[in-house]
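Asks: Provided below are the primary sequence and the corresponding predicted coordinates.
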Amino acid sequence: MPTPYAPIGDYGLIGNMITAALVGMDGSIDWLCLPRFDSPSVFGALLDAKKGGRFRIAPVEEVQARKQFYWPDTNVLVTRFFVEGGVGQVTDYMPVGIPKDCEGYRWLVREVRVIRGSVRFRLDCRPAPNYGQDDVKALATSSGVSFVSANARFALESRLPLQVRDGAASAEFTLGEEERSTVVFRDEAESGCPPAPDFDRDGLFHSTVDYWHRWLSRCHYQGRWREVVQRSALTLKLLTYEPSGAIIAAPTCSLPEAVGGVRNWDYRFSWIRDAAFTLYAFMRIGFTEEAARYMDWIDRRCHEAEGRFPLPVMFTIDGRPVPEEVTIEGLEGYRGSRPVRVGNLAARQFQLDIYGDLMDAVYLYNKYGAPISYDLWVHLRAMLDWLSEAWRRPDAGIWEVRGPLQHFVYSKLLCWVALDRGLRLADKRSFPADVQRWRAARDAIYEEIMTRGWNEELGTFVQAYDSRALDAATLMMPMVFFVSPTDPMMLSTLKAIDRRPSAGGLVSSGLVNRYDTGVTDDGLPGGEGSFNLCTLWLIEAMTRAGREDASFIGKARLLFEQMLGYANHLGLYAEQTGPNGEALGNFPQAFTHLALISAAFNLDRALGGQRGERTERTPVA
């Protein structure tokens with residue numbers, strides 16, 4: 001059936017490390033939150049095509065073909081339209097690299113240009129602040145249009161002949177060959193810059209392009225999949241909140257894991273879980289400044305805990321508690337996927353794996369970044385003292401289930417990681433620590449996983465103690481050095497997961513489900529797509545197993561290059577891939593791009609690519 005919703009994968013991302021927007025291949029901006037990532041949406045047609053608001057610029061006549069691409073090595077997005085009378089394009093970006101005393105960081109710039117012939121365009125701008133809940137008045141001004149609601153004011157600035165009606169602005173205009181027109185949308189609360197139409201548009205564009213070129217030039221990766229890795233790095237930079245150094249999981253909320261389903265979450269926050277993956281990815285390819293900023297963010301969260309545990313699972317981008325999860329009534333959701341949720345209930349869950357991720361990140365940064373302070377160590381030591389007993393408790397796990405708490409094997413594994421890295425760090429830096437207590441807890445965890453986390457009948461590690469369910473998270477065991485990648489138990493687990501679901505496994509056509517929703521009680525109805533993160537974990541596990549069996553390396557490469565085919569036209573990934581190869585879940589997702597960088601780096605090395613370095617996630621020697 002026809003739908004007013006574009007596929008999730010049909011969008012490109014632009015941003016300025018403060019907020020971000022999704023631009024469709026039809027020239028429509030269907031998602032933008034102002035003034036920052038976690039603010040209420042101003043354009044939210046992604047979640048309600050009628051009420052959500054959008055900003056569209058496209059040809060009036062029928063489009064025969066279209067292309068969307070990034071200006072090389074940047075986050076400047078070009079959407080090109082081919083019509084019978086010519087070729088036109090819209091170039092979208094948010095300015096970066098300009099003086100920081102100028103609030104132009106918050107602008108959305110759209111430049112319309114005709115490359116060949118003559119093209120008539122139509123502009124429609126209908127803001128819908130506060131997730132479409134607020135009424136808006138549109139007022140003509142000398143520089144364009146001002147949009148006013150109860151809690152916000154926005155400006156559309158242009159020299160086009162804009163028409164104002166019912167809270168929206170529109171215009172039809174014709175451009176000839178090499179003619180162009182620039183439109184700026186901004187928050188009127190911003191100040192300090194000249195009016196947008198008076199700004200040097202060429203200077204603004206060139207400063208932005210130059211910023212991205214200079215930033216990307218720091219990337220050290222020169223392996224087989226250079227462009228793929230660089231696009232992932234550029235995407236992760238867009239998901240970084242510049243004032244604090246935090247990285248959001250995704251710039252969107254409530255995009256469904258199954259169309260029409262209820263698995264719709266808000267990902268515009270920063271998870272402690274992402275810490276080790278973020279530090280590893282950034283440092284491995286040369287972005288040490290970003291790694292340092294993120295480490296500072298982690299450091300501040302540890303200090304703020306002041307010995308109170310458990311730690312929050314996630315934080316807002318400036319380190320505050322995540323808002324309560326609420327449902328936005330009256331929005332139909334993406335293609336009818338309700339409820340539309342903002343805030344995240346998982347922030348209040350008890351999740352044990354985050355401590356392993358945190359300590360792995362600290363260990364990695366201490367070794368390859370800069371030595372950590374004694375002051376931070378005091379906070380980490382208190383945390384590990386607490387964890388030495390708390391690891392015995394059931395939790396909600398990495399997948400943040402909303403069903404019964406369980407003794408998840410992955411959670412115990414990461415508790416082992418936390419204590420192991422704490423012991424190693426104490427030894428390397430001669431930090432004072434209750435070494436005997438930590439070692440006893442670490443060893444007890446190991447023995448318990450090997451007995452209760454292993455199912456002898458199935459010949460595999462399982463999802464939870466005494467369970468029969470598989471879990472793709474167990475693929476992380478060799479990556480955190482819990483077992484050898486060629487240990488018979490690990491190889492057996494790898495083979496068990498790498499079977500079709502009909503044969504009891506988790507892999508369909510090379511794509512990996514995190515678990516079987518028909519077997520695991522996660523407290524939610526319905527199913528979901530394959531998990532892109534887990535597919536990349538399978539590739540990494542095979543890469544490591546290839547040290548002893550070369551056939552694993554060949555299969556890992558085949559799966560990786562197949563996985564590249566599930567990116568969208570710009571190289572962006574959502575959280576999941578659906579049964580028809582479609583993007584599902586929030587988009588684009590940081591975790592997927594972090595895992596892609598790691599998989600590309602280690603697989604390339606295993607194939608003899610980069611300096612013959614060791615294939616490890618976090619060297620622990």
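Replies: Cool, got the structure.

Asks: Just give the number of residues close to residue 216.
Replies: Neighbours of residue 216 under the rule other Cβ atoms under 10 Å: 18. C-beta coordinates here come from the backbone N, C-alpha and C atoms, glycine included.

Asks: How about residue 546?
Replies: Residue 546 has 22 neighbouring residues, counting by other Cβ under 10 Å.

Asks: residues touching the residue lying closest to it once chain neighbours are set aside, list them.
Replies: Using Cβ to Cβ, 6 or more residues apart in numbering and skipping residues adjacent in sequence, the residue nearest residue 546 is residue 553, 3.5 Å away. The contact partners of residue 553, taken as Cβ atoms under 8 Å, 6 or more residues apart in numbering, are 542-543, 546, 603, 606-607.

Asks: quick one: the nearest residue to residue 93 once chain neighbours are set aside from residue 121, how far?
Replies: Distances taken as Cβ to Cβ, 6+ apart place residue 76 nearest to residue 93, at 4.3 Å, with adjacent residues excluded. Distance from residue 76 to residue 121, counting by Cβ to Cβ, to the nearest Å: 19 Å.

Asks: What does the residue lying closest to residue 216 once chain neighbours are set aside show for phi and psi?
Replies: In space, and not counting its chain neighbours, residue 216 is closest to residue 73: 5.0 Å by Cβ to Cβ, 6+ apart. The phi/psi pair for residue 73 (degrees, to the nearest 10) reads phi 60, psi 30.

Asks: Would you check how far apart residue 73 and residue 151 are?
Replies: Applying Cβ to Cβ to residue 73 and residue 151 gives a distance of 38 Å.

Asks: Just the ones of the contacts of residue 553 in helices?
Replies: Counted as lying in helices by DSSP state H, out of those, are 542-543, 603, 606.

Asks: Low-confidence stretches in the chain?
Replies: Under the criterion pLDDT under 70, the flagged ranges of the chain are 1, 99-105, 190-199, 609-621.

Asks: count of neighbours near the closest residue to residue 15 other than its chain neighbours?
Replies: Of all residues not flanking residue 15 in the chain, residue 238 sits nearest, at 4.2 Å (Cβ to Cβ, 6+ apart). Using other Cβ under 10 Å, residue 238 is surrounded by 22 other residues.

Asks: How much space separates residue 238 from residue 252?
Replies: 13 Å.

Asks: any shared contact partners between those two?
Replies: Common neighbours of residue 238 and residue 252, counting by Cβ under 8 Å, 6+ apart, are absent.

Asks: Scan this structure for its longest helix.
Replies: Ranked by number of residues, the top helix in the chain under DSSP H is helix 409-429.

Asks: Beyond that one, next helix or strand please.
Replies: helix 435-452 (DSSP states H and E).

Asks: how big is the angle separating that following helix from helix 409-429?
Replies: 150 degrees (axes from the mean of the first three to the mean of the last three Cα atoms, to 10 degrees).

Asks: Show me what the next helix or strand after helix 435-452 is packed up against.
Replies: Using DSSP H and E, the helix or strand that follows helix 435-452 in sequence is strand 454-455. Judged by 3 or more Cβ pairs under 8 Å, 6 or more residues apart in numbering; DSSP states H and E, the packing partners of strand 454-455 are strand 460-461.

Asks: name the helices or strands packed onto the strand it packs on?
Replies: strand 454-455, helix 488-497.

Asks: Assign a three-state SS to residue 540, would you?
Replies: Look at residue 540: counting by DSSP: H, G, I helix; E, B strand; the rest coil, its state is helix.

Asks: What residue, apart from its backbone neighbours, is nearest it spatially?
Replies: Nearest residue to residue 540, sequence neighbours excluded (Cβ to Cβ, 6+ apart): residue 599, at 5.3 Å.

Asks: wait, the one you found sits on residue 538?
Replies: No: at 9.3 Å, residue 599 does not count as touching residue 538 under the criterion of Cβ atoms under 8 Å.

Asks: Scan the chain for its longest strand.
Replies: For the chain, the strand reaching the highest residue count under DSSP state E is reported as strand 108-117.

Asks: ok, it: who's next to it in the sheet?
Replies: Pairing partners of strand 108-117, with direction, according to DSSP bridges: strand 86-93 (antiparallel), strand 180-187 (antiparallel).

Asks: Tell me which of those strands lies nearest to residue 529.
Replies: Checking the strands paired with strand 108-117 against residue 529 by Cβ to Cβ gives strand 86-93 as the closest, at 28.1 Å.

Asks: Pull the residues that contact that closest one.
Replies: In this structure, residues lying in contact with strand 86-93 by Cβ under 8 Å, 6+ apart are 12, 14, 21, 23, 27, 29, 57-59, 71, 74-81, 108-119, 121, 175, 177, 205, 208.

Asks: list the buried ones in that strand?
Replies: By neighbour count on 16 or more other Cβ atoms under 10 Å, the buried set for strand 86-93 is 86-93.

Asks: I'd like those as JSON lines, with distance to residue 137 appended.
Replies: Output for the buried residues of strand 86-93, formatted as JSON lines (distance: Cβ to Cβ, whole Å):
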{"residue": "86", "distance to residue 137": "36"}
{"residue": "87", "distance to residue 137": "37"}
{"residue": "88", "distance to residue 137": "31"}
{"residue": "89", "distance to residue 137": "32"}
{"residue": "90", "distance to residue 137": "27"}
{"residue": "91", "distance to residue 137": "30"}
{"residue": "92", "distance to residue 137": "26"}
{"residue": "93", "distance to residue 137": "29"}
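
Asks: Residue 319 versus the residue nearest to residue 546, what's the distance?
Replies: 42 Å.

Asks: Can you report how many residues lie near residue 46?
Replies: For residue 46, the number of neighbouring residues by other Cβ under 10 Å comes to 28.

Asks: Regarding residue 33, what are the backbone dihedral angles?
Replies: Phi and psi for residue 33, reported as degrees, to the nearest 10, are phi -110, psi 140.

Asks: Apologies, that question was intended for residue 297.
Replies: Backbone torsions of residue 297, given as degrees, to the nearest 10, read phi -60, psi -40.

Asks: next one: residue 533
Replies: The phi/psi pair for residue 533 (degrees, to the nearest 10) reads phi -60, psi -40.

Asks: ok, it touching residue 592?
Replies: Yes: with contacts defined as Cβ under 8 Å, residue 533 counts as touching residue 592 at a distance of 5.6 Å.

Asks: and those two? which has more neighbours close in?
Replies: residue 592 (27 against 23).

Asks: which ones are touching the more buried one?
Replies: With contact taken as Cβ under 8 Å, 6+ apart, residue 592 is in contact with 532-533, 536, 573-575.

Asks: Domains in the chain, by residue range?
Replies: 11-192, 458-621 (automatic domain parsing).

Asks: Let me have those in CSV, extended by distance to residue 303.
Replies: CSV is the format used below for these (distance: least, Cβ to Cβ, whole Å):
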stretch, distance to residue 303
domain 11-192, 22
domain 458-621, 23
